[in-house]
Each structure stands twice: as structure tokens, then as C-alpha cells.
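Peer 1: Using only what follows, build the 3D model:
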Amino acid sequence: MSAPDREVRLGAAPRAPRLRPVLTATAGPALVLLSFGVGNRWLTLLGCLLLGAVGVAAATSPRVRSLAVRVDVPARTRAGDVVEHVVHVRNTGSRDLPAALLRLRGDGFAEVHCGLPAVAAGAVVSVRVPRRAGRRGLSGGPEVVVEACDSLGLLLVSGSGRVPAPVHVHPALAAVPVLPAPPASAGGIDVAGVRPFRRGDGASSLHRRASARRGAAGQGPGGPGGPGAGLVVVEREAEAAGPLVVVLGASGVEDEVAWEELVASAAALVRRELASGGAVRVVAGGATAAGPGALDVLAAVGAPEPVAAGVVAARRSAGRSGRVLVGELVAGGARARWGYAS
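Peer 2: Just a heads-up that it's a prediction; the model follows:
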């Protein structure tokens, strides 16, 4: 999404009426009428001053609905980390906006309010706002609220709008789960071919020619009858480093705390694999992604689902040389169980 597409024009924010402008607006006419009845010029003057103050406040009322706001934020972060939000405020109106109050809230980050400098007509002001990420999830963007007063401080005008700024909040740091020993890959079992014996070949790959499928009998490194005569080397397919596919789910258990701990453990495992240069993929909540996108899946996953369907999709992703690792919540204290799918 380009920057202009993420710019939102603020609308009117609902607010309860303030007592001060209401009293000022009603007291002025009341004092003028009272002064006519009692013939007091001072009451007339005071009433006219109050009416004039209301007029000045209305004339200098800030036009917050002429503001267009865009928020720049990193696409990924981690729960508990402090993220800098850069708020760009553009004044599309013909009147300058005085210094105002800026609020960011309602998007999974900590609610923050700070000062917004005056914005001249047609100008853009940028404010950097640090905010702490809350729970994991997919944040759509904050609600931006701007509050400004007139020159006399009688009228408080508010404008608000939901600004799109998607952020994947990954699970917080956790310990890597203790995993069972991985199953042996089938890649090292298949025979790729045979060749004559050469000096330096390991003994584990040597076979007598009677079990070989090709080659001239009696040939060794030293010719017929030389060392290694009657021996061949069986070459096997290289051990392929297939991807690690992680599947998350539950077996009839609904424990939000245990589920969050399982997701955080899976995220720690994914981070370790990525740091070591390994290939890793996550299947959870009907979504799947590899590489850094695997953490995005863990950020957005909702309630746990049965792992059966996920294992089927994981086997397709893993192929012949990959491994399917299942993290599952099981009954008995809602504990997590890790194991490789057979």
C-alpha cells in the first residue's frame, strides 16, 4: 500500500459537551436581558463581553477535520518491544492549526498522547511516538485523535480516524522447547550407483564384486589382482537437508494461557532455525508460510485447532527429505507435547 493510500482524513470525534462554553454561551444573553430589567450598565457590558468571547471562540475554532494523517511503522515487531510510530500530519485547509494534543490508541499497542506542533496551512508536520507492543497479533493500525482549542480556550474540537498501519506482533521471547531425536531421513538409504574401489575409500561403503551390478571383474587400483581387486564402492544419495515444518494444534483442550506458551515456544524454535540458516515452515490456524513469514503466521494464529488437517498439509510441504514437527496441547493439565509425525 503506497503512502497516499494510507493517508486518512480525520472526521469529527464524538465528545460530551463541555460545561465552560455552554455556560459562557448562555450566560451572555441572560446577563443582557437581566441588565435591561434592572437597568444596570455593568451587567450589559459583562453580557456583551461574554457574547463577544463566544463569537471569537467560534471564529478561531480549529479546523481539525482538514487534517490528513499517515502513520509509518515497521511491518514486524515482537510483543513487549518498543516501536517508533512516525505520525505525519498534513493540513489540507486554508487556516493554520494551533498546537494540539495527539493521541494514538486502539491497535494493540500502548495508548500514548503527546503534543502536536502547530501546522501551517498546506504544511506537513511529523511526530515520532514510541509505543510498546502488547500481545501478539496482527495490528491493523491506530486510531489517531487530534484535540485543539480556540484562541480563548473555550471550545475544544476533536477529530479522529483509523489509520491503516499493519504490524505483525510476533510472540514474545521464550525458551526453545526440548525436542525428541529427529527420525532418520530416507535420503541416505537409496543407492545412486557403484564404482571401482579407489585408495582412501571408507570401509563402510565397500562391497565385494559379487554383490555389484556393474564393472569388470578383478580390477583394482593396481590392475588385475592388485589391492582392492574384487571390491566396489556403493554410492548412496546425498543426505538432503529438507525443511522443518512445524504444526500447532490441540486435542480437545481450550486453555488460552497454555496455548500462548506453546505459540511462544514455536516462535523461539523458528527463530533458532532461521538464525542457523535452516529452512523452516509453520502450519497453524489454516495458514502456512516459510522463512520470516512463519513468524507472521504465529502472530496471527487464533484459537487452537485439531492437528490432523495441518499434518496432511505439512507432509506435502516437507516432501521426502523434510521433517514434520507437531506441537500439540493435550489433556492432563493442558500440557504441550512435541513429537515428529511418522
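Peer 1: I'd like the average pLDDT over stretch 175-193.
Peer 2: When pLDDT is averaged over stretch 175-193, the result is 69.
Peer 1: same thing with stretch 42-53?
Peer 2: On average, stretch 42-53 scores 77.
Peer 1: List the buried residues in it.
Peer 2: Within stretch 42-53, the residues scored as buried using 16 or more other CB atoms under 10 Å are 43-44, 46-47, 50-51, 53. (Each C-beta comes from the backbone N, C-alpha and C, glycine too.)
Peer 1: Could you dump the residues you listed into CSV and include distance to residue 106 and secondary structure?
Peer 2: Shown next, in CSV, are these (distance: CB to CB, whole Å; DSSP: H, G, I helix; E, B strand; the rest coil):
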residue, distance to residue 106, secondary structure
43, 48, helix
44, 49, helix
46, 44, helix
47, 43, helix
50, 38, helix
51, 39, helix
53, 35, helix
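Peer 1: Let's have the residues you listed in TSV, adding distance to residue 147.
Peer 2: Below are the buried residues of stretch 42-53 laid out as TSV (distance: CB to CB, whole Å):
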residue	distance to residue 147
43	34
44	35
46	30
47	30
50	24
51	25
53	20
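Peer 1: and the residue nearest to residue 32 when sequence neighbours are not counted, how far is that from residue 58?
Peer 2: The shortest distance from residue 32 to any non-neighbouring residue, by CB to CB, 6 or more residues apart in numbering, is to residue 47 (3.7 Å). The spacing between residue 47 and residue 58, counted by CB to CB, to the nearest Å, is 17 Å.
Peer 1: Let me have the helix or strand where residue 313 lies in CSV, keeping just the CA atoms, if that works.
Peer 2: Under the criterion of DSSP states H and E, residue 313 resides in helix 308-318. The C-alpha trace of helix 308-318 is given here as CSV (Å, rounded to 0.1, in the frame of the first residue of the first chain):
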residue,chain,number,x,y,z
ALA,A,308,-4.9,-33.8,11.8
ALA,A,309,-5.5,-31.5,8.8
GLY,A,310,-2.4,-29.5,9.5
VAL,A,311,-0.2,-32.6,9.4
VAL,A,312,-1.5,-33.6,6.0
ALA,A,313,-0.6,-30.2,4.6
ALA,A,314,2.8,-30.3,6.4
ARG,A,315,3.7,-33.6,4.9
ARG,A,316,3.1,-32.1,1.4
SER,A,317,5.3,-29.2,2.3
ALA,A,318,8.1,-31.3,3.8
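Peer 1: Which residues are in contact with the nearest residue to residue 162 once chain neighbours are set aside?
Peer 2: Nearest residue to residue 162 in three dimensions, chain neighbours excluded: residue 143, at 5.2 Å (CB to CB, 6+ apart). With contacts defined as CB atoms under 8 Å, 6 or more residues apart in numbering, residue 143 is in contact with 103-107, 160-163.
Peer 1: residues of the helix holding residue 313 that come out buried?
Peer 2: Buried, per 16+ other CB under 10 Å, within helix 308-318: 310-311, 313-314, 317-318.
Peer 1: got a list of what residue 106 touches?
Peer 2: By CB under 8 Å, 6+ apart, the contact set of residue 106 is 142-143, 162.
Peer 1: Let's see which of those end up in strands.
Peer 2: Here DSSP state E is the test, and the contacts of residue 106 give 143, 162 as lying in strands.
Peer 1: Could you export the contacts of residue 106 as a markdown table, including pLDDT?
Peer 2: Below are those laid out as a markdown table (pLDDT from 0 to 100):
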| residue | pLDDT |
| --- | --- |
| 142 | 95 |
| 143 | 94 |
| 162 | 94 |
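Peer 1: export the contacts of residue 106 to TSV and tack on distance to residue 30?
Peer 2: Converted to TSV, the contacts of residue 106 look like this (distance: CB to CB, whole Å):
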residue	distance to residue 30
142	43
143	39
162	41
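Peer 1: so which two of the buried residues of helix 308-318 are the farthest from each other?
Peer 2: Using CB to CB, the two most remote members of these are 310 and 318, lying 12.0 Å apart.
Peer 1: Output the below-cut-off pLDDT ranges for the protein.
Peer 2: In the predicted model, the chain carries pLDDT under 70 at residues 1-5, 14-25, 27-28, 31, 184-194, 199-230, 233-241, 332-334.
Peer 1: Domain parsing of it, as residue ranges.
Peer 2: Listed by automatic domain parsing, the domain ranges of the chain are 4-170, 191-236, 244-340.
Peer 1: Quickly note the distance from the residue of the chain most remote from its centre to residue 30.
Peer 2: Here the chain reaches farthest from its C-alpha mean at residue 39, the gap being 70.0 Å by CA atoms, centre = their mean. Residue 39 sits 16 Å away from residue 30, taking CB to CB as the criterion.
Peer 1: Okay then, goodbye and thanks.
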